[in-house]
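Q: Compute the structure for the input listed below.
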Amino acid sequence: MRLRITARAVVVGDRSGTVVPDAVLDVDDGRITWVGPAGDAPPAGNAEVTALPGILVPGLVNLHSHAPMVLFRGQGEGLPLDRWLREVMWPREARLTADDVEVAMTAASAEMLRNGITTSVEMYFHAERIAAAVGATGARAVIPAPLVPLPGMGPLEEQLQAAVDLAAGAPSDGSVEYGIGPHSAYTVPLPVLRDAARAARQHGLLLHLHVAETVAEDAGLLAEHGLSVPALLAANDVLGGRVLAAHCVHLDEADLSLWREHDVAVAHCPASNAKLASGIAPLRAMLDRGIRVGMGTDGPASNDGLDLFADLRLAAQLARLAGRSAEALTAAEALWLATGAAADAIDRPDLGQLEVGRRADIVHVDTRDLVFEPVGDPGDLLAHLVWSGAGRHVRDVWVGGRRVVRDGTSTTVDTEELRVDVARRAARLATG
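A: All right, here's what the predicted structure looks like:
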């Protein structure tokens, strides 16, 4: 189907914050074929024309999520990360079934779409059921199958082989991509990390792991090996290829240099890091060194939201506080971290910006709200989006030209039925 969307403006999603007022965007066969001012638009021809009152932004890309953890939202409140994992999360996760994961992921995916997130990186159990869930909602996902030494998961070597086998069967339409997700250097033995990295490079897969999230994590490995986490990974040939490191809160100058040298991408998760008191990642220092960085929510049990608009605003606020400068992160850069930069971090040049040739993952933000006034010039729309906008302002979403949210409601799944199902399953998992 050919589609033409007219809107108050298009926010492209590039680093400079390009805004096109009074805009037209054309879609054909799931790709953007034209975008620009209405006065310059080619004839619409037989395209279906949709006139919208707000602004169009790229589908947001969530670089680090364990979205099925909506089953555990709010649990373990007030605990530090190590106790939160061992006392609350891992015992509940040991009782998870594949059905639990698919239902929870379906609900979480619908929630993310409602908030403008069209693609998420999902490091979680039962990767095939996560793929089935996003197939139902119409979203996209990159799914690094987890490697973690938990009861019932099987030997790590078998987990790795299963992840490689699964990746070979990924669909070719860009909706689902599989990868390898060793949890971290403090949970997965170094020989397995080396094997996982080698397999990821051999097959061109994304290798995704948690790195330097807490002081305690780094201190333990430093005491054992005499190296920081990044240095330890580099020394063990884990870096190189497509590596996405989540959090990266506690990195020093030498660590940042290693990240740049090996082109390691970073999933910045400020809301989770703040909630669990893990610290503030050196975002400005990463960007200044040319390190690829994008935004992640982390799981909905450690955030507890799945609203990247809220998180990108927090990222800008924390960067400015940490740098004691109102120029430490611009509004344009903040939005870019959740769009074009995030797509670049996972090597997906087909996503993240509203430009010709990219996939038509489009979010309509309704600006008929006082928080989007006044507008003296087009750039004000972007500033209001970052500093005042929220997922609740998203009204419509297209993924690959298919409308999956219409007027704030999923067009693909019954969200109320999913809410009730998630609540029932969460109660069972909490009590055993």
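Q: so where's the chain uncertain?
A: Applying pLDDT under 70 to the chain picks out no residues at all.
Q: Go again with 80.
A: Confidence mapping of the chain against pLDDT under 80 gives the ranges 1, 81, 218, 432.
Q: what's the residue closest to the geometric middle of it?
A: Central residue of the chain (C-alpha atoms, centre = their mean): Asn62, 1.3 Å from the mean position.
Q: so it makes contact with Ile117?
A: Yes - using C-beta atoms under 8 Å, Asn62 is in contact with Ile117, at 4.9 Å. Bear in mind the C-beta positions are built from the backbone N, C-alpha and C, glycine included.
Q: Now do the shared contacts for those two.
A: Taking C-beta atoms under 8 Å, 6 or more residues apart in numbering as the contact rule, the neighbours common to Asn62 and Ile117 are Leu306, Leu308.
Q: Outline the domain layout of this protein.
A: The record's domain split for the chain, according to automatic domain parsing, is 2-58+359-410, 61-345.
Q: Pull up the distance across the first one, start to finish.
A: Distances were taken as C-alpha to C-alpha, to the nearest Å; on that basis the terminal residues of domain 2-58+359-410 are 21 Å apart.
Q: So which elements touch the one helix or strand Leu382 maps to?
A: Using DSSP states H and E, Leu382 maps to helix 379-387. Applying 3 or more C-beta pairs under 8 Å, 6 or more residues apart in numbering; DSSP states H and E, we find helix 379-387 packed against strand 2-11, strand 19-28, strand 55-58, helix 308-323, helix 331-337.
Q: continuing past it, what's the next helix or strand?
A: Going down the chain from helix 379-387, the next helix or strand is strand 394-399, by DSSP H and E.
Q: That following strand to strand 2-11, inter-axis angle?
A: Comparing the axes of strand 394-399 and strand 2-11 via axes from the mean of the first three to the mean of the last three C-alpha atoms, to 10 degrees yields an angle of 130 degrees.
Q: ok, residues contacting strand 394-399?
A: Defining contact as C-beta under 8 Å, 6+ apart, one finds that strand 394-399 is touched by 3, 27, 52, 54, 59, 113-116, 118, 138-140, 359-366, 403-408.
Q: Could you list the paired strands of that strand along with their orientation?
A: Paired neighbours of strand 394-399 in the sheet (DSSP bridges): strand 362-365 (antiparallel), strand 402-406 (antiparallel).
Q: What lies in contact with the longest one?
A: Which is strand 402-406. 30, 113-114, 137-139, 394-398, 410-412.
Q: same deal with the first one?
A: Residues from elsewhere that reach strand 362-365 (C-beta under 8 Å, 6+ apart): 5, 7, 25, 27, 52, 54-60, 116, 118, 354, 385, 389, 393-398.
Q: could you dump stretch 167-183 to PDB, C-alpha only?
A: What follows is stretch 167-183, C-alpha atoms only, in PDB (Å, rounded to 0.1, in the frame of the first residue of the first chain):
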ATOM      1  CA  ALA A 167      20.000 -17.100  14.800                       C
ATOM      2  CA  ALA A 168      20.400 -19.100  11.600                       C
ATOM      3  CA  GLY A 169      16.600 -19.100  11.200                       C
ATOM      4  CA  ALA A 170      15.900 -15.400  11.600                       C
ATOM      5  CA  PRO A 171      13.400 -13.900   9.200                       C
ATOM      6  CA  SER A 172      14.800 -11.700   6.400                       C
ATOM      7  CA  ASP A 173      12.200  -8.900   6.700                       C
ATOM      8  CA  GLY A 174      14.000  -7.000   9.400                       C
ATOM      9  CA  SER A 175      11.300  -7.700  12.000                       C
ATOM     10  CA  VAL A 176      13.300 -10.100  14.200                       C
ATOM     11  CA  GLU A 177      17.100 -10.500  14.600                       C
ATOM     12  CA  TYR A 178      18.700 -12.900  17.000                       C
ATOM     13  CA  GLY A 179      22.000 -12.500  18.800                       C
ATOM     14  CA  ILE A 180      24.000 -13.800  21.700                       C
ATOM     15  CA  GLY A 181      23.500 -12.400  25.200                       C
ATOM     16  CA  PRO A 182      26.000 -13.500  27.900                       C
ATOM     17  CA  HIS A 183      24.700 -11.800  31.000                       C
END
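Q: Go through it and flag the buried ones.
A: Going by neighbour count (16 or more other C-beta atoms under 10 Å), the buried part of stretch 167-183 is Ala167, Ala170, Gly174, Ser175, Val176, Glu177, Tyr178, Gly179, Ile180, Gly181, Pro182, His183.
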